[in-house]
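K.L.:
Turn this into a model:
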Amino acid sequence: MDIDDLEPRKRDDALAALIRQDLDPLSVSELDERIERLEAEIARTRAKRDGATKFRSAADSLFRK
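P.N.:
Below is the predicted model:
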């Protein structure tokens with residue numbers, strides 16, 4: 001086990017690294033691919049959020065009765 005595994009990970013590490021990445025060396029096609037991947041991740045995140053919201057709503061309605 002690595003000692004780093006014992007420390008809590010920051011949730012925004014990947015996002016922070018993504019934001020800091022220099023975009024200047026990327027070609028137009030690489031930028032287009034990056035945009036497509038980011039849009040796919042946004043869609044995945046929204047779907048997860050929507051599912052969690054529906055689950056919470058269903059649980060709330062079940063326990064309110």
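
K.L.:
quick one: average pLDDT of stretch 48-60?
P.N.:
Averaged over stretch 48-60, pLDDT sits at 87.

K.L.:
Can I get it in CSV, CA atoms only?
P.N.:
Below are the C-alpha coordinates for stretch 48-60, written out as CSV (Å, rounded to 0.1, in the frame of the first residue of the first chain):
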residue,chain,number,x,y,z
LYS,A,48,-26.0,10.8,-12.9
ARG,A,49,-27.4,13.9,-11.2
ASP,A,50,-30.8,13.4,-12.7
GLY,A,51,-30.8,9.7,-11.6
ALA,A,52,-29.8,10.8,-8.1
THR,A,53,-32.5,13.4,-8.0
LYS,A,54,-35.2,10.9,-9.1
PHE,A,55,-33.9,8.4,-6.5
ARG,A,56,-34.0,11.0,-3.8
SER,A,57,-37.5,12.1,-4.8
ALA,A,58,-38.8,8.5,-4.7
ALA,A,59,-37.2,7.9,-1.3
ASP,A,60,-38.7,11.1,0.0
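
K.L.:
Low-confidence ranges, the protein, go.
P.N.:
1-12, 65 (pLDDT under 70).

K.L.:
And the strands in it?
P.N.:
With DSSP state E as the criterion, the chain has no strands.

K.L.:
Now for it: which helix has the highest residue count?
P.N.:
Ordering each helix of the chain by length in residues (DSSP state H) puts helix 28-64 first.

K.L.:
what does stretch 43-63 contact?
P.N.:
The contact list for stretch 43-63, computed with C-beta atoms under 8 Å, 6 or more residues apart in numbering, is empty. Every C-beta, even on glycine, is put in place using the N, C-alpha and C of the backbone.
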